[in-house]
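Engineer: Here you go, sequence then predicted model.
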Amino acid sequence: MLASLRKHVWNWLPAFVEIAEAGSVVAAARRLALTPAAVSRTLGLLEDALGYPLFDRVGKRLALNAAGVALRDAVRAATRAVDAGLAGDADDRLGGPLRVASLGVLTDHVVVPALIALRGAHPALVPEHVVLGPAEANALLVRGLLDVAFYYEELTSDEIAVERLGALGATVYCGRGHPLFAARRVTRAAVLAHPFSVPRIGDSGRVQDGWPADVPRAIGMRITMLRSNLVVALSGTLLTVLPDVTAAPHVARRELRPLPVVPLDTIPVFAARHRGALGRRLGQATIAAVRAQLAAIASARHRR
């Protein structure tokens, strides 16, 4: 009887987890491609089998109670343990899916090249990359749906561990059509007299382009990602701060001009993992590959 009950409980857990994450039966049913009635019935069966409720009913929403939180966390831990086994962490080779998130410049110049190198060393590995910001990535890390996320902010929490891997150098740039492009001498005052295109404010409350917080600048446009500033810079309409690795080929073609009269901070790069996954070789190998790519970029910058 107990074995049969456990078998049924395992079948009911996916619906429970989706309800816990979505906060409602209707939203969970949409994710699972089932009817709300079927999902509601599954939750009822699970709660009846366990002998206690897992949610508090708050209007049309379901809020996890203490027992629900404990079960959700246990399911997440079990999922991560199964994923670790399927990934072959005990083997010398890495294999299976590797779920990674990053955005913008990190994706183009750091993360994807690192994933290519990592797969070259471990052909059985199947990287799965998505473009996400820090808050979205952390939510998936907590749910066990991502292995590692890379971003520019140190957003730690009780469940998320973040480590700094390195930094990207950045400089103010202008394009051919900008008044400062052909100027014989550019001063700090001249740069500050022109408006900038800047990235949106990050989840930590800061603009993530390395601009010093104590130096005011005029804002002419806000964009979502650092990478988008390349398009703005090439148009010559506004000044931008660009990672030097992004600007380098355009500087070589004389499409962009660096204006290093305002010293900028480097742009830090962080890796985030769920604390329960810190010992996994898969995540460690991915972080090592990204760290190596950042070091190669820094070395190339110093040689220029």
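Structural biologist: Thanks, I have the structure now.

Engineer: Scan this structure for its longest helix.
Structural biologist: Taking DSSP state H as the criterion, the chain has its longest helix at helix 281-303.

Engineer: okay, and for this protein, where does confidence drop off?
Structural biologist: Residue ranges of the chain with pLDDT under 70: 1-7, 77-93, 201-207, 301-304.

Engineer: Where does residue 172 sit: helix, strand or coil?
Structural biologist: strand (DSSP: H, G, I helix; E, B strand; the rest coil).

Engineer: so how far is residue 234 from it?
Structural biologist: 14 Å (C-beta to C-beta, to the nearest Å). For the C-beta atoms, the positions are set from N, CA and C on the backbone; glycine is no exception.

Engineer: next one: residue 209
Structural biologist: For residue 209, the distance to residue 234 (C-beta to C-beta) stands at 17 Å.

Engineer: Who has more neighbours out of these two?
Structural biologist: For residue 209 versus residue 234, neighbours defined as other C-beta atoms under 10 Å are more numerous around residue 209 (22 against 18).

Engineer: In contact with that one, which residues?
Structural biologist: By C-beta atoms under 8 Å, 6 or more residues apart in numbering, the contact set of residue 209 is 170, 198, 199, 226, 229, 241, 264, 267.

Engineer: Among the residues you listed, which lie within helices?
Structural biologist: Those of those mapping onto helices are residue 229, per DSSP H.

Engineer: Just give me the closest of the contacts of residue 209 to residue 162.
Structural biologist: Lowest distance from residue 162 to the contacts of residue 209 (C-beta to C-beta) belongs to residue 267, with 15.3 Å.

Engineer: before we move on, back to that, export the contacts of residue 209 as a markdown table, with columns for distance to residue 277.
Structural biologist: What follows is those, written out as a markdown table (distance: C-beta to C-beta, whole Å):
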| residue | distance to residue 277 |
| --- | --- |
| 170 | 31 |
| 198 | 34 |
| 199 | 29 |
| 226 | 28 |
| 229 | 33 |
| 241 | 34 |
| 264 | 34 |
| 267 | 26 |
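
Engineer: Would you map the strands across the stretch 201-304 of the chain?
Structural biologist: 219-223, 239-243, 256-258, 267-274 (DSSP state E, counting those that start in this stretch).

Engineer: Quick one: list the elements packing against the second one.
Structural biologist: Looking back up the chat, that one is strand 239-243. Strand 239-243 is packed against strand 170-175, strand 196-199, helix 228-235, with contacts defined by 3 or more C-beta pairs under 8 Å, 6 or more residues apart in numbering; DSSP states H and E.

Engineer: so which of the ones you listed gets nearest residue 246?
Structural biologist: That would be helix 228-235 among those, by C-beta to C-beta, at 5.7 Å.

Engineer: count of residues packed around the nearest residue to residue 95 once chain neighbours are set aside?
Structural biologist: Nearest non-adjacent residue to residue 95, counting by C-beta to C-beta, 6 or more residues apart in numbering: residue 124, 3.2 Å away. A count of nearby residues for residue 124, using other C-beta under 10 Å, gives 12.
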